[in-house]
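Undergrad: coords below, sequence missing:
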RNA sequence: CGGGGCGUGGCGCAGCCUGGUAGCGCAUCUGCUUUGGGAGCAGAGGGUCGCGUGUUCGAAUCACGCCGCCCCGACCA
């Protein structure tokens, strides 16, 4: 992409309304624009990041055996009356009427709808286990939206729903999502820690929140510090196999959000030097809720004995739009964002230090063409801004690698490659620089 | 929903207390010079001062109402 033809509205000054660093940087780097309280438009750079995050989430969902669908944003109020949640849900639910005065709502979640879909087709235990997921915009009319996309009213969420014949099978489905989440967040460069969370009226130990540590996090969390450095299950993980050892290696160590924190247990189970008390951002949650929806909504399947039983369900959410903010909270410096490579909006920033200089232009065009042809995503700054302004902009938007080309270097036969995260600079020949990102 | 604050060119702000023809920085446009870490000079364009009502000879400024947004708290992915 040529910057001169792109739409990248950067802000030199910090908008007054943004308090936390991720919100400030998202506005300054031209990722989002606020349209109303807690409602944002995604600008070109922002949507690229959002899509990359979504893609990683989907890859890991698919790997774990979940199947993508897409449910609508608007739902019928009658559906929610079946579960009793239409009345139970408070003012957070945005309620709408259509031209015929039919009651609708903008979905804050999709348990009812996915249960309705399931019961319309599935009759036998032989069709199980089943896990359906989608990524869709949700709306929760928060009293007080804040922190940009970290706590918006409209937000993009991946939610998966598992269906099983009994609790034992449901636990296996739960484990698959748990492991998939470990992989998902790690792939984005995040250290996530699963923590015990409120389970609601169902009880049991089958609910975890996945927390990313950050000073600006909204929850106070407590855990064993060894959880920060646990190995991430590999790509070759057998999701049909026994995942219990992976789960157990983590659940054996204390980890809880403040809702369920027990200070006495914390001190008893965790050696003093390993006690970690910090702020955290919740980026995902896994939850087993049994027949909470299937029973009232009559989503039943026949078991091997021919008897119909309500299906056992769980739900598994990931805050996709929130993750953009969470990643920035975890990865930035004074100059701006530092994108982990897998979610970066572009792979390489090509900086032409002197647009208009024939040799420099030609070198840049050549590099741009070769990298683009090799499938490398390049943002080429071909504008006639001054070098200082170009450097500052690229630091702000945080593309992982900068390829800097100027007349001075070209005379010596070199271009410069700079790593955004470390600041390390290398001088390479043009060919070597191209090969760095697009090995022949 | 309780408490606090703010709405003035695209962005950041001053002006308001003490009413009298709306200003600064950045950005934008034109020209010239400049070009390896947010350039200089000269010129130009751009504002229903959030909306409404009232007070006044006169309102960005005073009063009342409304709307929007932000912050603290309670609540949530």
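TA: Perfect, I can see it now. Not measured: the values here are computed from a predicted model. Numbering: from 1, shown residues only, chains lettered A, B, ... in the order given.
Undergrad: for residue A:43, which non-adjacent residue is spatially closest?
TA: Closest residue to residue A:43 apart from its sequence neighbours, by CB to CB, 6 or more residues apart in numbering: residue A:30 at 5.2 Å. No exception for glycine: its C-beta is placed from N, CA and C like everyone else's.
Undergrad: doesn't residue A:11 make contact with that neighbour?
TA: Yes. Applying CB atoms under 8 Å, one finds residue A:30 in contact with residue A:11, separated by 7.4 Å.
Undergrad: which one's more surrounded, those two?
TA: A direct count of neighbours by other CB atoms under 10 Å for residue A:30 and residue A:11 places residue A:30 higher, at 20 against 14.
Undergrad: what's the spacing between that one and RNA strand B?
TA: Separation of residue A:30 from RNA strand B (CB to the nearest atom of the strand, to the nearest Å): 11 Å.
Undergrad: for that residue, give me its contacts.
TA: The contact partners of residue A:30, taken as CB atoms under 8 Å, 6 or more residues apart in numbering, are A:8-11, A:43-46, A:397.
Undergrad: go again using 6 Å as the cut-off
TA: For residue A:30, the contact set (CB atoms under 6 Å, 6 or more residues apart in numbering) comprises A:8-10, A:43, A:45.
Undergrad: the residues you listed, buried ones only, as a PyMOL selection?
TA: To isolate the buried subset of those in PyMOL, counting by 16 or more other CB atoms under 10 Å, use the following:
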select buried, chain A and resi 8+43+45
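Undergrad: quick one: which two of the contacts of residue A:30 are the most distant?
TA: Farthest apart among the contacts of residue A:30 by CB to CB are A:10 and A:43. That separation is 10.3 Å.
Undergrad: can you tell me the helix or strand for the closest residue to RNA strand B within the stretch 301-440 of chain A?
TA: Nearest to RNA strand B in the stretch 301-440 of chain A, going by CB to the nearest atom of the strand, is residue A:388, at a distance of 2.3 Å. In this assignment (DSSP states H and E), residue A:388 forms part of helix A:387-397.
Undergrad: from the contact counts, what lies against that helix?
TA: For helix A:387-397, not one helix or strand is in contact under the criterion 3 or more CB pairs under 6 Å, 6 or more residues apart in numbering; DSSP states H and E.
Undergrad: go with 10 Å
TA: helix A:21-28, strand A:336-337, strand A:348-352, strand A:378-381, strand A:401-405, strand A:415-419 (3 or more CB pairs under 10 Å, 6 or more residues apart in numbering; DSSP states H and E).
Undergrad: partners of the shortest one, with directions?
TA: Strands adjacent to strand A:336-337 in the sheet, as given by DSSP bridges, are strand A:332-333 (antiparallel).
Undergrad: remind me which residues of the stretch 101-250 of chain A are low pLDDT?
TA: A:200-205 (pLDDT under 70).
Undergrad: cutoff 90 now
TA: Along the stretch 101-250 of chain A, the model assigns pLDDT under 90 to residues A:142-144, A:146, A:197-206, A:215-219.
Undergrad: what does it put close to RNA strand B?
TA: Applying CB under 7 Å from any atom of the strand, we find that the stretch 101-250 of chain A lies next to RNA strand B at A:140, A:142-147, A:149-153, A:155, A:157, A:209, A:218-219.
Undergrad: that concludes my questions; thank you for your assistance.
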